[in-house]
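Student: this is the structure alone, sequence omitted:
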């Protein structure tokens, strides 16, 4: 996941590149018009000379002469516009009229840069995760049976409630007050789908989200920690608006990864920053695999939801046969 400053840099570079292409196309078309109509250069030369002259005249206080030069410049400008219009040169169409695609308004970043950052972040996530396919509107509750299981729980009713929770979480997300979520349950029950749907909606609101599997996130931190090339992955995970750790329990557990997990979980709890964690493990598994203090943090500071039902991946695979 790109760092925040890298996202801004990438967004500005993309805007700059697109503007450069549009400007180059316009200038090539304009150059062709100048080659075909030499008088355009004569007009430019005359306008330049009048521009210098009008400045001097303004200082002299000769109002009549000033107005005369001003009128001549207006006529020449109109003549130039009339000649150029014959060549049907398309004007530059800006994606953002407010900043003319520069990314800045009066030295401050334009809102279009924030929109571009959302787009880049979503596309980056989409490269590894099916974020565009994982939406709230295509989460199919019909894959969950509407009958009580052996434990007396109804999968469809349970998942309807969890879907509602996720929608409300995304709609009302606040990086300073939203709760931590722990999604538990076997593989293929929709944990990743719903989490990605939440992530997508929150990114669209302009918040900074770091999403990754436990294996990838912990490997990134470990590589930077033991490498001569230092990075800021751990700090970014501590400080982002929302941290999502997917597939906790699939990584190779070491004393280092245990320490990293505890550090991330505990520090974000203390700073009030929300975290979402997906796992196939039970709470007893978490306590045994990591430590009682980590499971204690989950129990005391996370809203845990258990996904139930049949493996949707298997159901979909059978449907294709």
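Tutor: Perfect, I can see it now. Just so you know, these numbers come straight off a predicted model, no measurement behind them.
Student: could you tell me how many residues sit around the closest residue to residue 265 other than its chain neighbours?
Tutor: Of all residues not flanking residue 265 in the chain, residue 297 sits nearest, at 5.2 Å (Cβ to Cβ, 6 or more residues apart in numbering). No exception for glycine: its C-beta is placed from N, CA and C like everyone else's. Residues lying near residue 297 (other Cβ atoms under 10 Å) number 20.
Student: the longest helix along the chain packs against which elements?
Tutor: For the chain, the helix with the greatest residue count under DSSP state H is helix 4-36. The contact analysis (3 or more Cβ pairs under 8 Å, 6 or more residues apart in numbering; DSSP states H and E) places helix 4-36 against helix 39-60, helix 63-85, helix 111-128.
Student: what segments of the stretch 201-321 of the chain are strands?
Tutor: 209-213, 242-248, 275-279, 302-306 (DSSP state E, counting those that start in this stretch).
Student: show me the one of those that comes nearest residue 87.
Tutor: Of all the strands of the stretch 201-321 of the chain, strand 209-213 sits nearest to residue 87, with 48.2 Å by Cβ to Cβ.
Student: report the angle between the closest one and strand 275-279.
Tutor: Here the directions of strand 209-213 and strand 275-279 differ by 20 degrees (axes from the mean of the first three to the mean of the last three Cα atoms, to 10 degrees).
Student: so residue 188, which of the three states?
Tutor: coil (DSSP: H, G, I helix; E, B strand; the rest coil).
Student: the spatially closest residue to it that is not a sequence neighbour: what's it in contact with?
Tutor: Once flanking residues are discounted, residue 188 sits nearest to residue 311: 3.5 Å by Cβ to Cβ, 6+ apart. Counting by Cβ atoms under 8 Å, 6 or more residues apart in numbering, residue 311 touches 186, 187, 188, 189.
Student: quick check on these: which are buried?
Tutor: Among the contacts of residue 311, those scoring as buried are 188, 189 (criterion: 16 or more other Cβ atoms under 10 Å).
Student: pLDDT-wise, which helix or strand of this protein ranks last?
Tutor: Taking mean pLDDT, DSSP states H and E as the measure, the chain has helix 111-128 as its least confident helix or strand, at a mean of 72.
Student: out of the helices and strands packed on helix 4-36, deepest packed?
Tutor: The highest mean neighbour count among these, using mean count of other Cβ atoms under 10 Å, belongs to helix 111-128: a mean of 17.
Student: could you give the angle of the very next helix or strand once past that one to strand 242-248?
Tutor: Downstream of helix 111-128, the next assigned helix or strand under DSSP states H and E is helix 155-171. Angle of helix 155-171 versus strand 242-248, following the same axes, to 10 degrees, is 150 degrees.
Student: quick one: name whatever helix or strand follows helix 155-171.
Tutor: Sequence order places strand 180-184 as the next helix or strand after helix 155-171, per DSSP H and E.
Student: tell me who's in contact with the most centrally placed residue in the chain.
Tutor: The residue lying closest to the centre of the chain (Cα atoms, centre = their mean) is residue 118, at 2.6 Å. Contact analysis of residue 118 by Cβ under 8 Å, 6+ apart lists 203, 204, 206.
Student: quick check, nearest of the residues you listed to residue 74?
Tutor: Nearest member of those to residue 74, counting by Cβ to Cβ, is residue 206, at 44.7 Å.
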